[in-house]
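*Asks:* Pasting the sequence and the predicted coordinates here, then a few questions.
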Amino acid sequence: MHISLKSVSVVFNSKIPVDALKEITINIEKGQWINILGPSGSGKTTFLNVIGGMDKPTNGKVEINGQDLTSFSDNQIQDYRRNKIGYIFQDYRLFEQYTVLENVLMPQLPYKKYDEIKKEALFLLDSLQMNDRIHSLPGELSGGEKQRAAIARALLSQPEILLCDEPTGNLDEDNREKILSLLKQLNDRGITILLVTHDLEIVKWGTRTFYLRSGNLKEKIGNG
Ligand SMILES: Nc1ncnc2c1ncn2[C@@H]1O[C@H](COP(=O)(O)OP(=O)(O)OP(=O)(O)O)[C@@H](O)[C@H]1O
């Protein structure tokens, strides 16, 4: 999917209004891997949220394949989020009382036939080397395994865009590399990846890197 932000600003009207994003313009082609680097509070999560339809721009447009997300009804936004977007987080956000398989199935259960998605979930978990962990609870898993379960959950809807919020933030070096290689494989298959991080090392992965500072986006050119 082609993603285009045109002069997107987000202001949060808290006691003191916060300019989280300031007139951001960016074009992202299908299949690109975009890294967004920036310090805490610079607007990284908000950037992912406007593309995922969770935050609405105060000004400007977000176009997905030429369609203006800001003009979507609530139902259209829900469909878009459910079918096109996968989200993974630093803290995995797995339900502790449910097994890996149940966690993977849960978001799609209200919409799809159980047998169909179970087959797909088992296939995904197998491809992520999680076949011997499907009945484990999240508390019994390593960080890398938790993130792989979260990735399987994000992939079950066959999303076209994967939004990754510090996906390696809680992982050791070995698991970090494994998760990044996994994202690379998905990206090679055409999934567009938007990844936000504090981690400068991630720059070597991906197509383009941008910096967010106080809501301003700037592309990193070259290796400097
Ligand atoms: N719902 C909200 N209401 C008010 N202010 C908010 C809200 N969400 C975010 N902010 C503010 O907007 C700014 C950008 O926040 P955002 O979470 O996008 O930053 P970030 O770069 O992802 O930070 P971190 O790396 O710490 O997660 C911050 O100043 C934050 O306090």
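*Replies:* Cool, the structure landed. Numbering: from 1, shown residues only.

*Asks:* Which residue ranges of the chain form helices?
*Replies:* 44-51, 74-84, 100-105, 114-127, 143-155, 173-188 (DSSP state H).

*Asks:* Next, the angle helix 114-127 makes with the fifth one.
*Replies:* Looking back up the chat, that one is helix 143-155. With axes from the mean of the first three to the mean of the last three C-alpha atoms, to 10 degrees applied, the angle from helix 143-155 to helix 114-127 works out at 140 degrees.

*Asks:* So what touches helix 143-155?
*Replies:* Applying C-beta atoms under 8 Å, 6 or more residues apart in numbering, the contact partners of helix 143-155 are 86-89, 92-94, 100, 103-104, 106-107, 121, 124-125, 128-130, 133, 136, 138, 141, 162, 167-168, 170-172, 174-175, 178-179, 182, 186. In short, each C-beta sits where N, CA and C put it, glycine included.

*Asks:* Next, the contact list for the residue positioned nearest the centre of the chain, please.
*Replies:* By C-alpha atoms, centre = their mean, the chain has its centre lying nearest to Leu163, at 1.5 Å. Contact analysis of Leu163 by C-beta under 8 Å, 6+ apart lists 48, 51-52, 85-88, 194.

*Asks:* Let's see that with 10 Å instead.
*Replies:* 45, 47-49, 51-52, 54, 85-89, 154, 192-196 (C-beta atoms under 10 Å, 6 or more residues apart in numbering).

*Asks:* quick revisit: out of the contacts of helix 143-155, which are buried?
*Replies:* 86-89, 92, 94, 100, 103-104, 107, 121, 124-125, 128, 130, 133, 136, 138, 141, 162, 167-168, 170-171, 175, 178-179, 182, 186 (16 or more other C-beta atoms under 10 Å).

*Asks:* Which strands and helices lie in contact with the helix or strand of the chain with the lowest mean pLDDT?
*Replies:* The weakest-scoring helix or strand in the chain, judged by mean pLDDT, DSSP states H and E, is helix 173-188 (a mean of 91). Here helix 173-188 touches strand 33-37, strand 85-89, helix 143-155, strand 161-165, strand 192-197, going by 3 or more C-beta pairs under 10 Å, 6 or more residues apart in numbering; DSSP states H and E.

*Asks:* do you know which of these lies nearest the ligand?
*Replies:* strand 192-197 (6.4 Å; C-beta to the nearest ligand atom).

*Asks:* Determine the angle, from 0 to 180 degrees, between the closest one and strand 85-89.
*Replies:* Using the same axes, to 10 degrees: strand 192-197 against strand 85-89 is 20 degrees.

*Asks:* average pLDDT across strand 192-197?
*Replies:* Averaged over strand 192-197, pLDDT sits at 96.

*Asks:* And stretch 6-18, by the same measure?
*Replies:* The model assigns stretch 6-18 a mean pLDDT of 94.

*Asks:* again, but for stretch 211-224
*Replies:* 87.

*Asks:* do the same with stretch 51-62
*Replies:* 96.

*Asks:* Please export the C-alpha coordinates of it as CSV.
*Replies:* Presented in CSV, the C-alpha positions along stretch 51-62 are these (Å, rounded to 0.1, in the frame of the first residue of the first chain):
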residue,chain,number,x,y,z
ILE,A,51,-0.9,5.8,10.0
GLY,A,52,-2.7,3.0,11.9
GLY,A,53,-5.8,5.2,12.3
MET,A,54,-5.6,5.3,16.1
ASP,A,55,-4.8,9.0,16.3
LYS,A,56,-6.5,11.6,14.0
PRO,A,57,-4.5,14.4,12.6
THR,A,58,-5.4,17.9,13.8
ASN,A,59,-4.5,19.1,10.4
GLY,A,60,-3.4,17.6,7.1
LYS,A,61,-4.2,14.3,5.3
VAL,A,62,-3.2,10.7,5.6
